[in-house]
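A.B. asks: no letters, just coordinates:
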């Protein structure tokens, strides 16, 4: 990758002007609406972040892709949040909470005087409205699976303007972690589309900034399709620093759409962006060689909680006019076919060629980065082409004289793998899988697509044969994975949208996931989730490949930079980040 020389004089003059012009937010009076953070910083500046793709929505109820969640998350807030660095829960919009002795009832006290980013007051009515929306089956939010216990929704009651009570059908194992990731919604803006049955179409990318409001540190200022999204400081934000100065410190967060990771790094090296998340080992190594000269802040946090995998299309294609894919589903639905594919994958080579020493091979959905929940008893079988061929023979497959794999009807076995063109690591995995499977006589075609096109095909149109995807990373606890492993889950990718378990093992999986959700004893809960991992490993709905280390970078001017192993790695504390005035300012003047 070519190296770009940092611009000095012009950039410094512009940055100096930016800091000089930055207005200092008025100090708030003390009050219980304020949450104090033991940090300090300086006001002003525009933090630029390069994104590989554009978001699909500004709607927190419907967002499922990483980019949408990353941007929306800076505009929204939760009742209780997980501190990504400590992995412990912290007070947020709720200033306190009590749990009943039986573990079924949570009573939350809300901070008084909080306002949405449009100035409208926030209270218990917004909380009740938000949970009503998330639990509405017709809305079909990805978060709904977390809020349904034993088939029953959590009951929420408004006790007074600033007190709400949540009653669980049974005790909830993850306790207050439940509330993280459930952005509180403005009833005054979203009640009308909700009552009209149009909430899923609300807050699209075409919605004006004035129609979107949240409780996070920033609010939408501008969306320029194909170029950038600009978030500006929320003047009503409810957190302050140790000096009682209202956060956030930054004037703006600017998300630039740059297309690929290499483009992200080039813009970063040029001084056009300030932060990098999820970078490759190669780019991390390049930046590490620059660190002594430029003072870059680099962090390798070890294996992430993300899992990358190959998934075959086993969805119901009735009425989709995808006859060619439907015919191939006879292979995809055969357990021994999927097992053979898994046996043929050279995971060690994937880790070495994709991640170098900064990643780990995966045989299940919980990797070595999650020491608390990983089932260490699961087998990590080495690659075996001989065993893969034996499994295919047992399933009725054969080979022609040219060594090409044929199905039981004599048809050539070949398929395509789609993956995001902006994710070089997953594309490399697809190419390595292509080579691995060629040794079984199986032609595989790699099809790079724009990220949003991949999401649309996997989640909406089902117009794909196989895909390389990534999930996980938000929390170490099993419960955020409910929407993946429950048969009715919105990310149950191998048979999306089914109304009941398609197989006996999926029925058991549903029961185990529901049971672990309400089991308070950690040891017993761990046993349940170990069995979940065993079922997933034995039935191979996904062919797990590898997980990267969390590799991040920031330029030397970014203050309060504390990357974490939980997603979002670098922007989880965006309200605390600040930009130091450039030291070159003195020379520039």
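C.D. replies: Alright, I've got the coordinates. The structure presented is a predicted model; accordingly, all values stated were derived computationally and were not measured.
A.B. asks: which residues of the stretch 1-150 of the chain fall in strands?
C.D. replies: Along the stretch 1-150 of the chain, counting by DSSP state E, counting those that start in this stretch, strands occupy 35-36, 46-51, 80-82, 89-91, 94-99, 105-110, 148-149.
A.B. asks: sheet partners, orientation included, of the third one?
C.D. replies: Same thing as strand 80-82. strand 89-91 (antiparallel) (DSSP bridges).
A.B. asks: so what touches the strand it pairs with?
C.D. replies: Strand 89-91 is contacted from outside by 35, 80-83, 175-177, 180, using CB atoms under 8 Å, 6 or more residues apart in numbering. For every residue, glycine as well, the C-beta is placed using N, CA and C.
A.B. asks: switch to 6 Å and redo it
C.D. replies: The contact list for strand 89-91 (CB atoms under 6 Å, 6 or more residues apart in numbering) reads 80-83, 176-177.
A.B. asks: state the mean pLDDT of it.
C.D. replies: Model confidence over strand 89-91, given as mean pLDDT, is 93.
A.B. asks: quick one: low-confidence ranges for the chain?
C.D. replies: Residues of the chain that meet the criterion pLDDT under 70 lie in 1-33, 583-589.
A.B. asks: could I get the strands of the stretch 1-150 of the chain as a markdown table with distance to residue 548?
C.D. replies: Listed next are the strands of the stretch 1-150 of the chain as a markdown table, based on distance: least, CB to CB, whole Å:
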| stretch | distance to residue 548 |
| --- | --- |
| strand 35-36 | 33 |
| strand 46-51 | 18 |
| strand 80-82 | 21 |
| strand 89-91 | 27 |
| strand 94-99 | 34 |
| strand 105-110 | 36 |
| strand 148-149 | 32 |
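A.B. asks: right, so of the ones you listed, which gets closest to residue 580?
C.D. replies: Closest to residue 580 of the strands of the stretch 1-150 of the chain is strand 46-51 (CB to CB; 11.8 Å).
A.B. asks: now do the strands in the stretch 201-350 of the chain.
C.D. replies: Counting by DSSP E, counting those that start in this stretch, the segments of the stretch 201-350 of the chain that form strands are 218-224, 228-233, 239-240, 252-257, 275-276, 297-303, 307-312.
A.B. asks: and the helices in the stretch 201-350 of the chain?
C.D. replies: In the stretch 201-350 of the chain, the helices defined using DSSP state H, counting those that start in this stretch lie at 261-269, 281-294, 323-332, 335-344, 347-350.
A.B. asks: pull out the buried positions in the last one.
C.D. replies: Across helix 347-350, burial judged by 16 or more other CB atoms under 10 Å covers 347, 350.
A.B. asks: same question, the fourth one
C.D. replies: When neighbours are counted by 16+ other CB under 10 Å, the buried residues of helix 335-344 are found to be 336-344.
A.B. asks: ditto for the third one
C.D. replies: By neighbour count with 16+ other CB under 10 Å, helix 323-332 contains the buried residues 325-326, 328-329, 331-332.
A.B. asks: show me what it is in contact with.
C.D. replies: 312, 314, 317, 337, 415, 465.
A.B. asks: how about a cut-off of 8 Å?
C.D. replies: Contacts of helix 323-332 (CB under 8 Å, 6+ apart): 312-314, 317, 320, 337-338, 407, 411, 413, 415, 462-466.
A.B. asks: can you redo the contacts of strand 89-91 as JSON lines with neighbour count and distance to residue 145?
C.D. replies: Output for those, formatted as JSON lines (neighbours: other CB atoms under 10 Å; distance: CB to CB, whole Å):
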{"residue": "80", "neighbour count": "20", "distance to residue 145": "19"}
{"residue": "81", "neighbour count": "20", "distance to residue 145": "20"}
{"residue": "82", "neighbour count": "25", "distance to residue 145": "18"}
{"residue": "83", "neighbour count": "15", "distance to residue 145": "24"}
{"residue": "176", "neighbour count": "20", "distance to residue 145": "18"}
{"residue": "177", "neighbour count": "21", "distance to residue 145": "15"}
